[in-house]
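J.: next one to model:
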Amino acid sequence: MSSDIFHEEGIRLKEMIQRLEKEKDDIHLKIEGHNEDYDDLKHYLSEFTADPMEMYQNYRSMTNVSKTINFYFNQINKIQKLLEAPYFGRIDFLFEDDVDVEEVYIGKFSFTDQDNDILIYDWRAPISSMYYEYELGQASYDSKIGKIYGEITRKRQFKIKDQHLYYALESSMNIHDEVLQKELSTTSDDRMKTIISTIQKEQNSIVRNESAHTLIIQGVAGSGKSAIALHRIAYLLYKHKGTLSSDQITIISPNKIFADFISNVLPELGEEPVHEQTFDEIAINLLPKSLKIETSYEQTKKIIEEPHSNYTYRVKLKSTFTFFRQLSKYVNEIDSTIFQPDQDIYIADTLITRNYLTSRFYSYHKLPVKQRLDELANDILDVIQTSKAAEIKRIPSKKDVIKKLRTFLIFKDAQSIYINFYNEINPTDTLNLHKNKLEYQDVFPYLYCIHYFDGIQTFESVKHVIIDEMQDYSPVQYAVINKLFHCKKTILGDLGQMINPFSLNLGDSISTIFTKMEFVELKKSYRSSYEIIESAKQFVPDNTIETIDRHGEEPNIVSYTNSCTLINTLQTLITQFHDSMLNRLGIICKTETQADQLYDELKQSVTLTKLSKSSETFDVGITITTVQLAKGLEFDEVIIPYANAQVYKSEFDKSLLYIATTRAMHRLTILHEKANLSPLITDRSEEEHP
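T.: Modelled structure (predicted):
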């Protein structure tokens, strides 16, 4: 790093901080003035009797002043964040057919002086895209008036924290490797970090993609796909300010723990948090309140613990694209016969022919069955109203007409449709939905039938939905989501991290359900060190995951002789963790029973947390959890206990090991009984403990 560059940028930073401080002081003065105005208006209303119109005008004035004050507080919040680190990058851009170079400093938010000159550009601004897309030389960006061409003559990258300049690097690379290495070498925090200073070229194109109606992101573990999706939200909110707001975006996340882990990103980027929910919550809100449903967590737990049970067989059957195709075909077929009037009828002495009933019912074929009956009843009442019989007979209620029409339905409700369908395709396994609890694999097929028969309220106010962990959801789930959300979608996940081994297949299922889609793939992992990723490659086919050149400790495979020495080994590793500079240690078990057992053994001597299905937060320190709850999270160090041959042995178990190992950023230890290491794990350097 040149001392001249560092000195030059140090002076610039001090000047920028002074300007930001002055701006903050000016805004505070404005707030004080508006607070006085607000207090005066409030005092006037409380002390003086005014006519209604004057009171109304005063209340409106108070509301407007309050909005202005809130706006200024938001501005101060952004200024405060800029004061901590005003910018992270700079490009000097020579516009085509121009002689003056513009210095473009890029930060978390934009900052404009009183002359309306932009001193800091928001990372989402069109001109800022060149920082991520280009090296030195010819470059361009899209603006409101079209493509702007020119040349990047200089590119610098900074590390600024608490107003202190740590480095200023001259770079001809997209994002200098040294900068990326420094950022990735830090320890994990209690929340996911923003990545605006290290967004890579392929990630930037995903963030700024506006053409795709449905964008599918297949990203290996640690590729930053969840962070990219959140930054994509921030970009869209910035680009479409005024037409898109945070309350019009929904994230469907795997669980509350993951939702807590990512909750900091959007506020740090200056945006309001968006609504988050799980598939379970969607189902609970749509199904009859009297019906109890199994959770996705309970289903996954049973699959992991009972891989060869009849229950797992049913999950496998109902998770396939074939099952969805059969269900869709069945519903389409019964639609042509579900309403069968067997004769003409008289209502209030008015003849309603069989042909009329049939033709009118099927003319409403785009509506759910119940709504068709409602519309048909309206038609019949209109006929009666215009008939002579209406003059001498009491016109029946709409409810009575619908009741009569329901007698012509072959199926009386969604439940009977689903039961009949399932019994038809699988007569050896009778389906009974009259039990107290609905198995999770039946929830979304049942909702599919409810949508057809009863109708389901759709989320028309939502303009963009993000779906994370796409690999764990079945084709029927996606079909229902597609019916509920008609908006644009960003769907992300990793086929190598399947918790439901029977769920998604990108080749035939998702591309059929989402016809207007674009597919992108992220193969490079940034979370884990080179050594950890090289070890994790043994659990994924074709070594599809690419490493970065950030080196660390080799993963350690340690044996123990019995449960007592296992606990001793864990305690030793925990002591080493406390002596290190690391923030978060994850002990990741395959089953909930294993996690409970270790937690009970260790909690007497160690301060630690256990993540369970009811957990809603993810804190620093030592955490014991299962693979299914650890998915999506990251730890500085990971310990995988019970890596024995009887525990991890199937192809599905490879996926679990892949998930567990790739949670580790810097250090990984695998523990197994002596001479009983899982055959799925390559033993490179076994260390024996007595």
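J.: distance check, the nearest residue to residue 337 once chain neighbours are set aside against residue 235.
T.: Counting by C-beta to C-beta, 6 or more residues apart in numbering, residue 410 is the residue found nearest to residue 337 once chain neighbours are left out, at 6.3 Å. Placement of C-beta: from N, CA and C, glycine included. Per C-beta to C-beta, to the nearest Å, residue 410 is found 50 Å from residue 235.
J.: who's more crowded, those two?
T.: Neighbours per residue (other C-beta atoms under 10 Å) separate residue 410 from residue 235, with residue 235 holding more: 22 against 12.
J.: quick one: the more buried one from residue 126, how far?
T.: Applying C-beta to C-beta, the value for residue 235 to residue 126 is 11 Å.
J.: how about residue 634?
T.: Residue 634 sits 32 Å away from residue 126, going by C-beta to C-beta.
J.: those two - which one has more neighbours?
T.: Just comparing residue 634 and residue 126: by other C-beta under 10 Å the higher neighbour count belongs to residue 634, 21 against 15.
J.: middle-most residue in the protein, spatially?
T.: residue 468 (4.0 Å; C-alpha atoms, centre = their mean).
J.: residues in contact with the residue nearest to residue 337?
T.: Residue 410 sits next to 334, 337, 338, 339, 340 when contact means C-beta atoms under 8 Å, 6 or more residues apart in numbering.
J.: let me have the residues you listed in CSV, adding pLDDT and distance to residue 642 as columns.
T.: Below are the contacts of residue 410 laid out as CSV (pLDDT from 0 to 100; distance: C-beta to C-beta, whole Å):
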residue, pLDDT, distance to residue 642
334, 96, 49
337, 94, 55
338, 96, 53
339, 96, 57
340, 94, 59
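J.: quick check on those residues: which are buried?
T.: For the contacts of residue 410, a burial check counting by 16 or more other C-beta atoms under 10 Å picks out 334, 338, 339.
J.: wait, doesn't the first one sit right on residue 411?
T.: So that's residue 334. Yes - the pair residue 334 / residue 411 is scored as a contact, 7.0 Å apart, by C-beta atoms under 8 Å.
J.: what's the overlap in contacts for the two?
T.: residue 417.
J.: top helix in this structure by residue count?
T.: Secondary structure of the chain per DSSP state H: the longest helix is helix 3-47.
J.: buried sites along whichever helix or strand comes after that one?
T.: If you walk from helix 3-47 toward the C-terminus, the next helix or strand you reach (DSSP states H and E) is helix 52-84. Of the residues in helix 52-84, 58, 62, 65, 68-69, 72, 75-76, 78-79, 81-83 count as buried by neighbour count, 16+ other C-beta under 10 Å.
J.: stretch 6-17 too?
T.: For stretch 6-17, a neighbour-count test (16+ other C-beta under 10 Å) marks 6, 9, 12, 13, 16, 17 as buried.
J.: next one: stretch 18-25
T.: 19, 20, 23, 24.
J.: pull the CA atoms of stretch 576-594 into PDB?
T.: Extracted in PDB, the C-alpha atoms of stretch 576-594 (Å, rounded to 0.1, in the frame of the first residue of the first chain):
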ATOM      1  CA  GLN A 576      -9.300 -24.500  23.400                       C
ATOM      2  CA  PHE A 577     -12.200 -22.600  21.900                       C
ATOM      3  CA  HIS A 578     -12.400 -20.200  24.900                       C
ATOM      4  CA  ASP A 579      -8.600 -19.700  24.600                       C
ATOM      5  CA  SER A 580      -9.000 -18.700  21.000                       C
ATOM      6  CA  MET A 581     -10.200 -15.500  19.400                       C
ATOM      7  CA  LEU A 582     -13.200 -17.200  17.900                       C
ATOM      8  CA  ASN A 583     -16.800 -16.100  18.800                       C
ATOM      9  CA  ARG A 584     -19.000 -19.000  18.000                       C
ATOM     10  CA  LEU A 585     -18.700 -22.800  18.400                       C
ATOM     11  CA  GLY A 586     -21.300 -25.200  17.000                       C
ATOM     12  CA  ILE A 587     -21.600 -28.800  18.200                       C
ATOM     13  CA  ILE A 588     -23.800 -30.300  15.400                       C
ATOM     14  CA  CYS A 589     -25.400 -33.700  15.900                       C
ATOM     15  CA  LYS A 590     -27.400 -35.800  13.500                       C
ATOM     16  CA  THR A 591     -30.400 -36.400  15.800                       C
ATOM     17  CA  GLU A 592     -32.200 -34.500  18.500                       C
ATOM     18  CA  THR A 593     -31.600 -37.300  20.900                       C
ATOM     19  CA  GLN A 594     -27.900 -37.000  20.500                       C
END
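J.: please tell me I have it right and the residue nearest to the centre of the chain contacts residue 254.
T.: Yes - Residue 468 sits in contact with residue 254 when judged by C-beta under 8 Å, with a separation of 6.3 Å.
J.: all helices for the stretch 251-400 of the chain, in order.
T.: Per DSSP state H, counting those that start in this stretch, the stretch 251-400 of the chain carries helices over the ranges 256-261, 265-268, 279-286, 296-305, 310-318, 321-335, 354-363, 369-385, 389-392, 398-406.
J.: before we move on, back to that, find residues that contact each of residue 235 and residue 126.
T.: Common neighbours of residue 235 and residue 126 (C-beta under 8 Å, 6+ apart) do not exist.
J.: as JSON lines, the helices of the stretch 251-400 of the chain with distance to residue 536 would be great.
T.: Shown next, in JSON lines, are those (distance: least, C-beta to C-beta, whole Å):
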{"stretch": "helix 256-261", "distance to residue 536": "20"}
{"stretch": "helix 265-268", "distance to residue 536": "25"}
{"stretch": "helix 279-286", "distance to residue 536": "27"}
{"stretch": "helix 296-305", "distance to residue 536": "19"}
{"stretch": "helix 310-318", "distance to residue 536": "26"}
{"stretch": "helix 321-335", "distance to residue 536": "28"}
{"stretch": "helix 354-363", "distance to residue 536": "56"}
{"stretch": "helix 369-385", "distance to residue 536": "50"}
{"stretch": "helix 389-392", "distance to residue 536": "76"}
{"stretch": "helix 398-406", "distance to residue 536": "57"}
